[in-house]
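Visitor: Sequence plus the predicted model coming up.
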Amino acid sequence: MSTHLAIVPAYNEAGAIAGTVADIHRHAPDFDVVVVDDGSTDATAQVAAEAGATVIRLPFNLGIGGAMQSGYQYALEHSYDVAVQVDGDGQHDARHINDLLAELRSQSGVNMVTGSRFLAPDGEGYRSSVARRLGIRVFARVLSMITGREVTDPTSGFRMTDRRGIVLFAHDYPHDYPEVEAVLMVHAHRLVATELPVEMRPRTAGRSSINSTQSAYYMLKVLLAVFVGMLRARPAVDAGDDAPVTAQPTI
Amino acid sequence: MQLRLQIVSILATLGLFGLVFELVRRRRLMERYALLWMFSTAILLALAVWKPLLDRVAVAIGIFYAPSALFAVALGFILVMLLHFSLVISRLADQSKVLAQRIGLLQERIDVLERERTAAFEDEDERRELTRIP
């Protein structure tokens, strides 16, 4: 029997996390839920545990990348076959989880399915600031060019991966703003990614991890990561390579 | 180079070298990170003491006023050292991330084990209660 895991990273989401967990339990009962409490100062972990989720409590705030990777490490250690990322703030509609699963299962050889806000049939499933939408468009173009497949929503965190994706992300996951770089990583490791139209809801509580003043920094940082990543001889660590974290002297 | 400037340069580099040495001796600075400092100060000391060498360096890199070459070399070392620190910080950040993730996963396992153990004890207590009644 195949086992499924929903990874829900949450930072100070005590107001929304119970609803998110309940939503997943209701609409995708096959999925175990693990909430990664990324060093919250509020009662996120307690609320999530009471809602029936497994909770990984990080000792301090690692940021979305480090938190998400912990979720993938949990999935790897507990031998899950499928993992889906769901935001803790309730933006991702749990009803789409089964759509993502169907898409992942529909064709063999697909390793990752991303829920895209911009493929939705009415074309306006998502409203955001002009600057952010422009940024998303730029990343979409760059990634589509690099990967040779159409990428419409590179910043969507609503993704499902199979076992190969879990293994890859548990061992190596990008840092601060990981979604865009993760698309590139998947491509560099010759995994196949597709997209599926989904609708996303506005946030119910809490604040977005990226405010408008950080958007420019976000763009530059991710573009640097994308281009440096392309020039890297081997994008990640394979078995037998030097450890990425070593005590070797630098320079 | 003026004698006064030469004396100041020598004293400054000697002082820096001595400070680094003392910090290593007191185990406040790891040898790994001290080597770069000692190497830099040794080179700067050599340039300050031995004027012809400084003059040749100045000519080689196109600096007319030889003492400026001393600053140029020092600036080069400072840049290398700052980059070195950025590398060390990146590595430390990576290491602390790995540790935090590990702690989170282990904590979850402990929670599960403790719950199981508590449940097992409660079962045991219940069984004893039941068996005690004749």
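Guide: All right, it came through fine. Residues are numbered from 1 along each chain as shown, chains lettered A, B, ... in the order given.
Visitor: Low-confidence stretches in chain B?
Guide: Chain B contains residues with pLDDT under 70 at B:1, B:133-134.
Visitor: Please tell me how far the residue in it that chain A sits nearest to sits from A:Ser108.
Guide: Proximity to chain A, evaluated over chain B using CB to the nearest CB, is greatest for B:Leu87 at 3.9 Å. No exception for glycine: its C-beta is placed from N, CA and C like everyone else's. Taking CB to CB, to the nearest Å as the measure, B:Leu87 falls 43 Å from A:Ser108.
Visitor: out of those two, which sits in the more crowded spot?
Guide: B:Leu87 (13 against 6; other CB atoms under 10 Å in any protein chain shown).
Visitor: name the element that one belongs to?
Guide: Element membership of B:Leu87, judged by DSSP states H and E, is helix B:66-132.
Visitor: B:Ala12 too?
Guide: Under the criterion DSSP H and E, the helix or strand holding B:Ala12 is helix B:3-25.
Visitor: Restrict the next helix or strand after that helix to CA atoms and write it as CSV.
Guide: Sequence-wise, the next helix or strand beyond helix B:3-25 is helix B:31-49, with elements assigned using DSSP H and E. The C-alpha trace of helix B:31-49 is given here as CSV (Å, rounded to 0.1, in the frame of the first residue of the first chain):
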residue,chain,number,x,y,z
GLU,B,31,44.7,27.7,15.0
ARG,B,32,42.7,27.1,11.8
TYR,B,33,41.6,30.7,11.8
ALA,B,34,44.8,32.1,13.2
LEU,B,35,47.0,30.9,10.3
LEU,B,36,45.7,33.4,7.8
TRP,B,37,46.2,36.2,10.3
MET,B,38,49.7,35.2,11.1
PHE,B,39,50.6,34.8,7.4
SER,B,40,49.2,38.3,6.6
THR,B,41,51.0,39.9,9.5
ALA,B,42,54.3,38.1,8.7
ILE,B,43,54.2,39.4,5.1
LEU,B,44,53.3,42.9,6.2
LEU,B,45,56.1,42.8,8.7
ALA,B,46,58.6,41.7,6.1
LEU,B,47,57.5,44.5,3.8
ALA,B,48,57.8,47.1,6.6
VAL,B,49,61.2,45.9,7.7
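Visitor: Return the set of buried residues in the helix or strand following helix B:31-49.
Guide: Per DSSP H and E, helix B:31-49 leads on to helix B:51-60 as the next helix or strand towards the C-terminus. Neighbour-count burial for helix B:51-60, counted by 16 or more other CB atoms under 10 Å in any protein chain shown, picks out B:54, B:57-58.
Visitor: Tell me the one among the residues you listed nearest to B:Gln95.
Guide: Using CB to CB, B:Val57 comes nearest to B:Gln95 of the buried residues of helix B:51-60, at 38.9 Å.
Visitor: how close does the closest one sit to A:Arg95?
Guide: When distance is defined by CB to CB, B:Val57 is 71 Å away from A:Arg95.
Visitor: and A:Ser156, what is it in contact with?
Guide: A:Ser156 is in contact with A:114-117, A:179, counting by CB atoms under 8 Å, 6 or more residues apart in numbering or on different chains.
Visitor: Need phi/psi at it.
Guide: phi -70, psi 130 (degrees, to the nearest 10).
Visitor: partners of the residue nearest to it when sequence neighbours are not counted in the sheet?
Guide: Among residues not flanking A:Ser156 along the chain, A:Thr114 sits closest, at 5.3 Å (CB to CB, 6 or more residues apart in numbering or on different chains). Following DSSP bridges, A:Thr114 is listed with bridge partners A:Arg159, A:Glu195.
Visitor: Tell me, how many residues neighbour A:Thr114?
Guide: A:Thr114: 28 surrounding residues under other CB under 10 Å.
Visitor: Tell me if I'm right that it and A:Asp153 touch.
Guide: Yes: using CB atoms under 8 Å, A:Thr114 makes contact with A:Asp153 at a distance of 6.5 Å.
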